[in-house]
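Undergrad: sequence below, structure please.
(2 chains)
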2 protein chains.
Amino acid sequence: MSTLPPLAARLRGVASSPVRDLLALLERPNVLSFAGGLPAPELFDLDGLREAYARVLAGPGARLALQYAPTEGNLELRTRVAERLTRRGLPTEPGDLLITTGSQQALTLVTTALLDPGAVVAVEEPTYLAALQSFQLAGARLVTVPGDEQGVDPDALADVVARHRPALFYTVPTFANPTGRTLPASRRAAVARIASAGGVRVVEDDPYGELRYRGAPVLPLASTSDDVFYLGSFSKIGAPGLRLGWVRSPADARPALVVAKQAADLHTSTIDQAAAAAYFGVADLDGHVARLQDAYRERRDAMIAALPGTLPPGSRWTDPDGGMFVWVRLPDGFDAASLLPTALAHDVAFVPGAPFYAGEPDRATLRLSFTTNTPDEIREGMRRLGAALGVHAAATT
Amino acid sequence: MSTLPPLAARLRGVASSPVRDLLALLERPNVLSFAGGLPAPELFDLDGLREAYARVLAGPGARLALQYAPTEGNLELRTRVAERLTRRGLPTEPGDLLITTGSQQALTLVTTALLDPGAVVAVEEPTYLAALQSFQLAGARLVTVPGDEQGVDPDALADVVARHRPALFYTVPTFANPTGRTLPASRRAAVARIASAGGVRVVEDDPYGELRYRGAPVLPLASTSDDVFYLGSFSKIGAPGLRLGWVRSPADARPALVVAKQAADLHTSTIDQAAAAAYFGVADLDGHVARLQDAYRERRDAMIAALPGTLPPGSRWTDPDGGMFVWVRLPDGFDAASLLPTALAHDVAFVPGAPFYAGEPDRATLRLSFTTNTPDEIREGMRRLGAALGVHAAATT
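TA: Purely as a prediction, here's the structure:
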């Protein structure tokens, strides 16, 4: 009816995710897509997860697994996650954790708990675009922190803190989305120090940390400071369909996070939590992660090897130690978004880089994911991308 | 650290749900609790749900059921839900529906999509307290609409619309939480007419509509107007642990709801949606709902029969045609909250009525749920409650 009030003002300026819209392209059978940020479904531990659900629904706790449950999450799952984080160098108790409906929800809960409308949020540039959406929905004002190939520059962060007094600094310090870059340990300590001194809450988003293909692990930023909100996920080491994430938070924020979680969905799926807890308990998760690392390493290597023959001269790209993404910067004058239709006509897809920028975008950038295609498919997809870019591949194909 | 900024202002005034805090009491084995709003776990169709999960994880779509999925929800599940709503007199297409992580999330998404901070929300008095929390978290100003034993008074709604210009009117018109009362068809039409004329969006929350124990169904309020947001749930007819709900929304609001859902959790658990779709497809859901109706009817009857011997003279209570709750009003001068410790000392629990009020609470009220105890347990619990209230039961025990 024409007399009805408009939608909330904050939603009118927030577009649907371009990455999500591109997911539809994956349905077209002939497209080789480097666009999504999906894990490889053929690598899911289907047998292990099927067994976990069967075990939960056949066991004495089956009816409890179908009932309402506490907002904080399944205690056994929190215990398993806490043990795993502790082994990775982030000492964690089950009580430090809140289970969330994917780490996307963890981000939105932290946003709800920490930000009043008009609050300032500092972000790396470029960064995860669904995080940008969350902050925009919360009515935050975004400021960007410059960095380099090693991630955010601590001196630049100190400058931003002094000038803008952000309430929160959001970062993906390990195998970042979209750049693939990793912040070195020395910078992590500096970031935590600057944030604590400046009264800034840090949100460390770490969905990819276990997917390392080269080099030694770097301790989570949260291990250097009690003031960090650490977001983790089952999506990349297990499977994203269960929508299981967690937030390890400073104690003072936990009651507010629980209230926000209650309003959001009361609690995360009882049965998915119970199945994940059973899976953590009996599966060889370390062995599974090692298999993921081996498969993804091979895929990353295939992509990195193909890029010199794919991209126009003068292009640059990241060479990530882990994660899912290579970030490409085409030569000046290229516009990745306007190249996408041509790429699709060649049955290959990528994500243009512009939506990952909170400030002025570098339109010559694009993101390539190497996880869902085999090395042969990657080589064929790179060949198509090269053709779309007008580059004639050398004899490497 | 003392220099860190405070939590978001809107969270500082929102308390954790007292109902949720009371859930902890259910863990004490000797307490007969009428406090929760839980379905009876012994009535879950465990075999049917176990079979649904097994079928999904053994079938050709198993890996897809573990992967990221579209935000709008599983198409087969939306089709099944749309068919069921259509059969209940609310013509619905799958495209009208967004699957949510429980109907609590549907409420929060609608709130996010429709309300700017400072917006006015009209509510029945008393009403579902988690809805009050959601509106408070969104920074809304609440105004209350008086009613009687038949639910909200349309004339009073017209008056509130004229005086306060609310953006939204929230109602549980069928077997309401906490009162158990049901709005007659004539009032539904009047409410829809007044809301449309006044430019007010209506949110019809209907988790209990299928749990009718007496009388003929009343058509959903949404069937009388295109402007109504209708919230449904798998929690009461299936099981709440899957956290599955849905919102049937006016077309103009759907893109905003999808954006809000993306920010909230990207999408609802892929595997739980697939299992529910499989369950809808093969289970005898009508037969299961009939069994729930039979069991809950017997429990309601046991509670209603016991109340005259339980409550002090001058008490009043509702006699609901369905749902889960009886609403009690003790004589003037009683304060249900201050009676709760005495009740707990007698190993019986209820929810004091005050938190269900957005305005000045009637402290002599309390809510009793009859779903999770057998008739014998209900009789024993009522005996304990009578003792706690100082009432000496007649020979009926």
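
Undergrad: show me what contacts A:Thr79?
TA: Taking Cβ atoms under 8 Å, 6 or more residues apart in numbering or on different chains, we find A:Thr79 in contact with A:Pro94. Using the backbone N, CA and C atoms, a C-beta is placed for each residue, glycine as well.

Undergrad: what separates it from chain B, distance-wise?
TA: To chain B, A:Thr79 is 18 Å away according to Cβ to the nearest Cβ, to the nearest Å.

Undergrad: host element of that residue?
TA: Assessed by DSSP states H and E, A:Thr79 sits inside helix A:75-87.

Undergrad: any idea of the mean pLDDT in that helix?
TA: Average pLDDT, helix A:75-87: 98.

Undergrad: what's the answer for stretch A:331-349, then?
TA: On average, stretch A:331-349 scores 94.

Undergrad: now the strands: where do they sit in the stretch 101-250 of chain A?
TA: A:120-124, A:141-145, A:147-148, A:151-152, A:168-171, A:201-205, A:228-233, A:245-248 (DSSP state E, counting those that start in this stretch).

Undergrad: give me the contact list for the first one.
TA: With contacts defined as Cβ under 8 Å, 6+ apart, strand A:120-124 is touched by A:115, A:131-132, A:135, A:140-145, A:147, A:151-152, A:157, A:160-161, A:164-172, A:176, A:200, A:358.

Undergrad: what about 7 Å?
TA: Residues from elsewhere that reach strand A:120-124 (Cβ atoms under 7 Å, 6 or more residues apart in numbering or on different chains): A:115, A:132, A:135, A:140-145, A:147, A:152, A:160, A:164-171, A:358.

Undergrad: from these, which are also near chain B?
TA: Near chain B, judged by Cβ under 7 Å from any Cβ of the partner chain, the entries from those are A:Leu115, A:Ala167.

Undergrad: returning to what we had before: for the helix holding A:Thr79, buried residues please.
TA: Neighbour counts over helix A:75-87 (16 or more other Cβ atoms under 10 Å in any protein chain shown) mark A:Glu76, A:Leu77, A:Arg78, A:Thr79, A:Arg80, A:Val81, A:Ala82, A:Arg84, A:Leu85 as buried.

Undergrad: with distance to A:Pro91 added, can I get the residues you listed in JSON lines?
TA: Shown next, in JSON lines, are the buried residues of helix A:75-87 (distance: Cβ to Cβ, whole Å):
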{"residue": "A:Glu76", "distance to A:Pro91": "19"}
{"residue": "A:Leu77", "distance to A:Pro91": "18"}
{"residue": "A:Arg78", "distance to A:Pro91": "14"}
{"residue": "A:Thr79", "distance to A:Pro91": "14"}
{"residue": "A:Arg80", "distance to A:Pro91": "15"}
{"residue": "A:Val81", "distance to A:Pro91": "13"}
{"residue": "A:Ala82", "distance to A:Pro91": "9"}
{"residue": "A:Arg84", "distance to A:Pro91": "12"}
{"residue": "A:Leu85", "distance to A:Pro91": "8"}
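
Undergrad: of all the residues you listed, which comes closest to chain B?
TA: A:Leu77 (13.6 Å; Cβ to the nearest Cβ).

Undergrad: the closest one and A:Ile99 touch, don't they?
TA: Yes - assessed by Cβ atoms under 7 Å, A:Leu77 is found in contact with A:Ile99 at 6.2 Å.

Undergrad: which residues do these two both contact?
TA: With Cβ under 7 Å, 6+ apart, A:Leu77 and A:Ile99 have common neighbours A:Gln273.

Undergrad: and A:Leu46, how far from A:Ala283?
TA: Counting by Cβ to Cβ, to the nearest Å, the gap between A:Leu46 and A:Ala283 amounts to 12 Å.

Undergrad: that should have said A:Ile99, apologies.
TA: 18 Å.

Undergrad: quick one: which of these two has more around it?
TA: Neighbours were tallied for A:Ile99 and for A:Ala283 using other Cβ atoms under 10 Å in any protein chain shown; the higher tally belongs to A:Ile99 (29 against 18).

Undergrad: tell me which residues touch the spatially closest residue to the more buried one that is not a sequence neighbour, please.
TA: Leaving aside its chain neighbours, A:Ile99 sits nearest to A:Gly73 (2.7 Å; criterion: Cβ to Cβ, 6 or more residues apart in numbering or on different chains). Counting by Cβ under 7 Å, 6+ apart, A:Gly73 touches A:Leu97, A:Leu98, A:Ile99, A:His267, A:Thr268, A:Gln273.

Undergrad: so the last one, which of the three states?
TA: The three-state label given to A:Gln273 by DSSP: H, G, I helix; E, B strand; the rest coil is helix.

Undergrad: doesn't A:Leu75 make contact with it?
TA: No - counting by Cβ under 7 Å, A:Gln273 sits too far from A:Leu75 to count as a contact (9.7 Å).

Undergrad: intersection of neighbour lists for those two?
TA: Contact criterion Cβ under 7 Å, 6+ apart; residues shared by A:Gln273 and A:Leu75: none found.

Undergrad: for chain A, what spans make up the helices?
TA: A:9-12, A:18-23, A:46-58, A:75-87, A:102-114, A:129-137, A:154-164, A:185-198, A:254-265, A:270-282, A:285-310, A:336-345, A:375-388 (DSSP state H).

Undergrad: among those, which is the most enclosed?
TA: Among those, the stretch with the highest mean neighbour count (mean count of other Cβ atoms under 10 Å in any protein chain shown) is helix A:102-114, at a mean of 27.

Undergrad: so does that helix get close to chain B?
TA: Yes - contact of helix A:102-114 with chain B (Cβ under 7 Å from any Cβ) involves A:Gly102, A:Gln104, A:Gln105, A:Thr108, A:Thr112, A:Ala113, A:Leu114.

Undergrad: isn't the last one up against A:Leu168?
TA: This means A:Leu114. Yes - the pair A:Leu114 / A:Leu168 is scored as a contact, 5.6 Å apart, by Cβ under 7 Å.

Undergrad: which residues do the two both contact?
TA: By Cβ under 7 Å, 6+ apart, A:Leu114 and A:Leu168 have these common neighbours: A:Arg201.

Undergrad: B:Tyr279 versus the residue in the stretch 251-397 of chain A positioned nearest to chain B, what's the distance?
TA: Of all residues in the stretch 251-397 of chain A, A:Thr270 sits closest to chain B, at 3.3 Å by Cβ to the nearest Cβ. Distance, A:Thr270 to B:Tyr279, using Cβ to Cβ: 16 Å.
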